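Enquirer: Curious how this folds, go ahead:
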Amino acid sequence: MTLQSLIQAIYPPQCVMCDARTDVDFALCGPCWAETPFVTGLCCDGCGAPLPGQGEPEAGVLCDDCMTIARPWSKGRATLIYKDKVRRMVLSIKHGDRTDLTRAAGPWMARAGRDLIGRDSLIVPIPLHRFRLLRRKFNQAALLAQQIALAADVQCLPDALCRPKKTAPLEGHTLDQRFAALSNAIYVHPKRPLAMKGRNVVLVDDVMTSGATFAAATEACLKAGANDVCVLALARVVKDA
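Expert: Okay, here's the model as predicted:
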């Protein structure tokens with residue numbers, strides 16, 4: 001018996017959301033998979049929100065939000081709808097130290113963003129302010145970005161951006177308040193002034209609500225000379241979800 005077989009015999013793979021047995025590590029069991037709202041089929045080309053109808057994402061097909069809000073990035077995708085099990089998953093990563101969940105979520109995100117990620121893409125996470133990073137001990141967006149890069153075999157630069165401006169939590173804020181709070185809040189890290197020049201950047205975060213955070217980060221990347229910027233979220237907040 002190999003060491004790996006021995007480990008699996010003692011600690012068999014379990015569903016990342018419950019205690020059910022699975023065939024491999026960092027996976028969902030059948031019931032949890034069925035109850036997890038993945039974004040499949042037709043979705044908004046700007047933010048990844050699911051749209052009525054059949055088929056794959058199409059260039060220029062946008063949701064109501066993306067038709068009324070200027071998006072500085074070129075394309076966006078989301079992996080899951082932010083509700084029920086997905087909401088619990090995101091909060092478990094952020095506040096429950098369930099960093100192991102990113103090992104399951106990373107490959108899901110790589111698949112959701114497969115038409116955004118090319119061989120020369122640079123995966124860049126949305127940064128945390130240093131005080132929040134010290135309190136949380138990790139940046140969940142950086143962990144997700146690293147797992148996406150590993151699954152897609154592309155480069156990840158976890159410290160490409162920084163967030164010197166401390167912003168209050170945005171829950172309960174209006175759309176205008178969210179964009180005002182994030183204005184000039186994100187910059188290219190002083191140690192990485194040329195990191196994004198001429199690169200196709202894919203920005204990564206755990207949740208997209210209004211898109212204000214992604215917009216601030218996109219503007220920072222474009223100012224630093226990025227050739228193109230796309231955005232990829234683990235979960236998208238959608239109306240009536």
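
Enquirer: pLDDT averaged over stretch 34-41 - what is it?
Expert: Averaged across stretch 34-41, pLDDT comes to 93.

Enquirer: List the buried residues of it.
Expert: Taking 16 or more other C-beta atoms under 10 Å as the neighbour-count basis, stretch 34-41 is seen to contain the buried residues Thr36, Pro37, Val39. Yep, even glycine has a C-beta here, placed from its N, CA and C like the rest.

Enquirer: Next, format these as TSV and append distance to Ser74 and secondary structure.
Expert: TSV is the format used below for those (distance: C-beta to C-beta, whole Å; DSSP: H, G, I helix; E, B strand; the rest coil):
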residue	distance to Ser74	secondary structure
Thr36	28	coil
Pro37	26	coil
Val39	18	coil
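
Enquirer: Helices of the protein, residue ranges please.
Expert: Secondary structure of the chain, counting by DSSP state H: helices at 3-10, 30-35, 64-68, 84-95, 101-112, 130-136, 140-152, 175-182, 212-223.

Enquirer: Give me the helix or strand of the protein that scores worst on average pLDDT.
Expert: When each helix and strand of the chain is scored by mean pLDDT, DSSP states H and E, helix 3-10 comes last, with a mean of 51.

Enquirer: Which of the helices of the chain sits closest to Val202?
Expert: helix 140-152 (7.8 Å; C-beta to C-beta).

Enquirer: List the buried residues in the closest one.
Expert: For helix 140-152, by 16+ other C-beta under 10 Å, it's Gln140, Ala141, Ala142, Leu143, Leu144, Ala145, Gln146, Gln147, Ile148, Ala149, Ala151, Ala152.

Enquirer: by contact count, what packs against that helix?
Expert: Contact here means 3 or more C-beta pairs under 8 Å, 6 or more residues apart in numbering; DSSP states H and E; on that basis helix 140-152 packs against helix 84-95, helix 101-112, strand 121-125, strand 155-156, strand 200-208.

Enquirer: Note down every partner strand of the fourth one and its orientation.
Expert: Read that as strand 155-156. Take DSSP bridges as the rule and strand 155-156 pairs in its sheet with strand 121-125 (parallel).

Enquirer: Now do the strand it pairs with: everything it contacts.
Expert: Contact with strand 121-125 is made by 117, 139, 141-142, 144-146, 148-149, 152, 154-158, 160-161, 195-196, 199-205, 217, 221, as judged by C-beta atoms under 8 Å, 6 or more residues apart in numbering.
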